[in-house]
Structures are given as C-alpha cells and as structure tokens.
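1. okay, structure incoming, though there's no sequence with it:
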C-alpha cells in the first residue's frame, strides 16, 4: 500500500522534488497507487517503490526512475520520453503503446514485460534484461542494445533499423517479419530456435565498421566466414533466411551455434 503522506506530496512536483532533496534517506512508497492521467514530468522517483502502480496515460517525460521498482506496474500509453530508468525494474510491467524514445534503460530489468507497440527510438538498453519480453510491433530505430539479454524475446514485426545488437544473447528470440536493416551483430548469440523468417534486411554490420550489403536476388550468400556474428562457434549448421529487398525475394545462410 502507498504511503499516504507520500501520496499528498506527489500532488505538487516542486514540493515533491524539494522533499526528496531534503530527505534522501527516505524511500518513496507509492505502491498500488492510481496515478493515471497525471502530469508527473521531471519528477524525482529514484529508488522508489512503485510496485503495481497505475501510471497509464501519464506524462513521465524526463522523470528520474533510477533503480526504481515498477514491478507489475501499469504504464500503458504513458509518455516516458528522455527518462532515466537506469537499473529500474519493470518485471512483468505493462508498457504497451508507451513512448520511450531517447530513454536510458541501461541495465533495467524488463523480464516478461509487455512492450508491444512501444516507441524506443534512439533509446539505450545496454545490458538490459529483456528475457521473454514482448516487443512485437515495437519501434527500436537507432536504439542501442549492446550486451542485452534477449533470450526468448519477441520482436515479431518490430522495426530494428540501425539497432546495435552487439554481444546480445538472442537465443530462442523471435524476429519473424522484423526489419533488421542496418543492425550490428558483432559477437551476438543465436541458436537453432531463434526465429528469423521473413525478415527485411538490405544491409547489416558484422562488425561496427564493416557494412555488408544483402544483394537483391542473391541466393544462398554464404556467411560461413563471418564468425564474428557469433561468440561461440560450436556445431555449425546453416539456416536459410528469406530476405525482401525492393520487392525481390532473396535468401542468405546464417551460421548458428
């Protein structure tokens, strides 16, 4: 249950932020509170307990959620642009349709979170835990996911244009129908259960400084030598991936470890 004194303080953003400055030792507790449809922009919520809070449709632009606990919180349709969510926990949270562009989610826990249709353009998810999260139809254009945990993550029909997937573990992940044009896959890990059917990919980066085109109508382009795609080349098998380029259907082979 939310602390009633804290609920009164949050009614005024300036009063709340001054209170946080004067009492850094107090952990704010708004757990279970209904803060939907509220203007909470620039609020200092760092380290707070917001488990099961309802923040749907709220304005959370540039809020500080560093190390905050938002487990099972409802953030559907919330505007969380340019927020600091470093090491925040969104375990099983609902972020459907949320606007998270330019947000820092580095080392955040998004395990099993619902991120369907979210906007994560130019956001940072470095070392974030996205295990079993749902990012279907999400827009991650220009996002950085270096070293993120993507085990079982659902990226079906997502836009990952120019996304940095270096050193990620994408075992069992689903990229079916996703736009992977311009992704960097230096040292990423995939396995035979990683779904890559019907992806769109005009070019990609095996290493950060090496651009490789996927030519139209090229059949069975052999990427066997591109061992930088994988961090642990064990038993090598090949999976043919159909690629759509300017209306033509192509395919290339990917080494799986």
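-> Happy to help now that I have it. Computed from a prediction, not measured in an experiment: that's the story for all the values here. Numbering: from 1, shown residues only.
2. residue 182: what's it in contact with?
-> When contacts are counted by Cβ atoms under 8 Å, 6 or more residues apart in numbering, residue 182 touches 161-163, 202-205. C-betas here are computed from N, CA, C, even on glycine.
3. element containing it?
-> Using DSSP states H and E, residue 182 sits within no helix or strand.
4. can you offset everything so residue one is 66?
-> Yep, numbering from 66; the last one is residue 247 now.
5. so which of the contacts of residue 247 belong to helices?
-> Counting by DSSP state H, none of the members of these fall within helices.
6. can you put these in JSON lines and add neighbour count, distance to residue 166 and pLDDT?
-> What follows is the contacts of residue 247, written out as JSON lines (neighbours: other Cβ atoms under 10 Å; distance: Cβ to Cβ, whole Å; pLDDT from 0 to 100):
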{"residue": "226", "neighbour count": "20", "distance to residue 166": "14", "pLDDT": "97"}
{"residue": "227", "neighbour count": "19", "distance to residue 166": "14", "pLDDT": "97"}
{"residue": "228", "neighbour count": "27", "distance to residue 166": "14", "pLDDT": "97"}
{"residue": "267", "neighbour count": "18", "distance to residue 166": "23", "pLDDT": "86"}
{"residue": "268", "neighbour count": "14", "distance to residue 166": "24", "pLDDT": "88"}
{"residue": "269", "neighbour count": "21", "distance to residue 166": "23", "pLDDT": "89"}
{"residue": "270", "neighbour count": "19", "distance to residue 166": "22", "pLDDT": "91"}
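7. which two among these are spaced furthest apart?
-> 228 and 267 (14.0 Å; Cβ to Cβ).
8. residue closest to the middle of the protein?
-> With distances taken as Cα atoms, centre = their mean, residue 190 lies nearest the centre of the chain, 5.8 Å away.
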